[in-house]
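J.: Generate coordinates for the sequence data below:
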Amino acid sequence: MIQKAIRYISESMPPKGYEMMYVACSPILMLIILTVSGVISLLYELSTTSTTNTVIAAITPQVSKIGDKTAADRFGITEIYPTKPNGGREWYFNTSSPLTDKNFFLSGGPEKTNSSLANATSSNGQIKKQPDGSYQVYGVRKPGKYDFSVRMNVNTPDNEQWWKNVEMTGYAKVISAASNDAALDWYARGGLHIRSSPCEGVAYHSGLRADGSVFWQKEIWHTGGYTGFRGYITATHPLLGRWIGFKAIMFNINNDSAVRLQIYLDDNATNHWQKVADVIDNGGWYADTPNDLFYSGNCGRSKDYIILNAGPIATFRSDNMIWDFKDLSIREIQAPSEVKSNTLKQFATNTSSTSNPYIFGNATQEWQDKEHGIKILFTPSPEYPSVGNTTQLRFSIQDLKTGSHIKNATATITVIDNLTANIDTDVSKGSARNFTIFKNIAASNGSFSVNYHFLQAGTHQIITRVNSNNTQSKALASFNVIVL
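T.: Here you go, the predicted model:
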């Protein structure tokens, strides 16, 4: 059955003419399709070992530049935005003696480290330097939702400006996690998060979960003012046992009337950063608590309060995990609306020589077939499709060596819906999904496109079959689209 399904997608599709077919999957057929979607890249690589999948920035992020060089922080890590001139505050983790830093506070106290959640019994948070120069941290034992509570706070001295438009950076390696939704949570724009002073506990929270998903969440007051997630997406592989770079960036826009929130990841820990989440809070992002609970905080804020203010504390947080970290930093950045164009550069993101099912944001993806000398470029438009709106799926077939378009080709496109569901939907991995097939699409000049309406948020797979009439060669490629 699986071989028949693979053959169905792989072979040329008759007849001539443009046709779209929508198929509602039965459980058995869905099992076949899901199996195909999961292994199609591997099967094709086995048939032609020179096939690779590359990720290229479609809308390249801005990176701080000094002269002709990309700006880097004190640890040598690329800056996405430059530090605010004329006294823009910077903080860097003290790698030799962190607890002597008067602006750095870790909940709990020093104690012998233990890398097992099951065996650790600490009632105090602690950090310990590792042989590679990184530090390991695990937190206060609070059995339940906030077990191994870590709060590494960076405070503001009396003579310094509070944290506002910030770029928080660091590398992490998760050693143990109690569950896949255990998360690194880096936040700013508030003060203490304690019940005795609830209105101080305001923040934008950036999350990177152990399963590789990311999100933004807003806290209007502590603890009855949390919103739901925005920008939630499965961005990368699970984090256990590997290093990954994590940047949380927040800055005011539109004359201080809204806030832009971005997450960048350096997935291979090679100092190549890619944007995976981009959220704007301009109102309408409401706390999800009942009115009586929300207004019991007496903070004088609306339920969709926009956090435009600065705050004295920025925090690196985690719960229910033990992790190593290095190169932590916080910089007060110059808001992009104020940055002059000649201080910025466009940069190409890191590329991979292997097929990666997790695409960081909706980058243009390039599938290379070295055996037949073909590459296929795929770009969704808009870059971040939304549910129910028209998305154009654009493709370009090119000669691998020259980059010239391969003409007189035909293509078949299969869209498999919702490989990973958004947290706000009730569709989960393994439930019934649908797929749509576009057959016999003409690509006379080497380019072709189709319009599609995604009906659910999540990650959707695009399988493309191309026949070149001139060279009598065939190519099979797989791409992902993230829908918000």
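
J.: mind checking the SS state of the most centrally placed residue in the chain?
T.: When CA atoms, centre = their mean is applied to the chain, the residue found nearest the centroid is V276 (3.2 Å). Under DSSP: H, G, I helix; E, B strand; the rest coil, V276 falls in the strand class.

J.: How about it: what's its closest non-neighbour residue?
T.: In space, not counting the residues next to it along the chain, V276 is nearest to A235; the distance is 4.1 Å by CB to CB, 6 or more residues apart in numbering. Any C-beta I mention is one placed from the backbone N, CA and C, and that applies to glycine too.

J.: okay, now the one you found: neighbour count?
T.: 26 (other CB atoms under 10 Å).

J.: any idea how far S206 is from it?
T.: According to CB to CB, to the nearest Å, A235 and S206 sit 12 Å apart.

J.: Now do the shared contacts for the two.
T.: Common neighbours of A235 and S206 (criterion: CB atoms under 8 Å, 6 or more residues apart in numbering): V214, I263, A277.

J.: pLDDT for the residues you listed - can I get that in JSON lines?
T.: Output for these, formatted as JSON lines (pLDDT from 0 to 100):
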{"residue": "V214", "pLDDT": "93"}
{"residue": "I263", "pLDDT": "95"}
{"residue": "A277", "pLDDT": "89"}
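
J.: Kindly reformat those as CSV containing neighbour count.
T.: Output for these, formatted as CSV (neighbours: other CB atoms under 10 Å):
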residue, neighbour count
V214, 25
I263, 26
A277, 28
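
J.: Let me know the closest of these to V154.
T.: I263 (18.7 Å; CB to CB).

J.: Pretty sure the closest one sits against Y232.
T.: No - I263 is beyond contact range of Y232, at 10.7 Å (criterion: CB atoms under 8 Å).

J.: Find residues that contact each of those two.
T.: V214.

J.: For L208, grab phi and psi.
T.: Note on L208: its backbone torsions stand at phi -130, psi 110 [degrees, to the nearest 10].

J.: partner residues bridging it?
T.: Here L208 sits in beta bridges with L184, V214, as judged by DSSP bridges.

J.: Please apply the same query to the one 10 residues further on.
T.: Beta-bridge partners of K218, counted by DSSP bridges, are Y204.

J.: Where does pLDDT dip in the stretch 151-300 of the chain?
T.: Applying pLDDT under 70 to the stretch 151-300 of the chain picks out no residues at all.

J.: which stretches of it form strands?
T.: 166-177, 183-190, 203-209, 213-219, 230-234, 243-253, 258-266, 274-281 (DSSP state E, counting those that start in this stretch).

J.: what helices or strands is the shortest one leaning on?
T.: The reference is to strand 230-234. Applying 3 or more CB pairs under 8 Å, 6 or more residues apart in numbering; DSSP states H and E, we find strand 230-234 packed against strand 213-219, strand 258-266, strand 274-281, strand 458-468.

J.: what's the answer for the second one, then?
T.: In terms of contact count using 3+ CB pairs under 8 Å, 6+ apart, strand 183-190 is assigned the packing partners strand 166-177, strand 203-209, strand 243-253, strand 313-318, strand 321-332.
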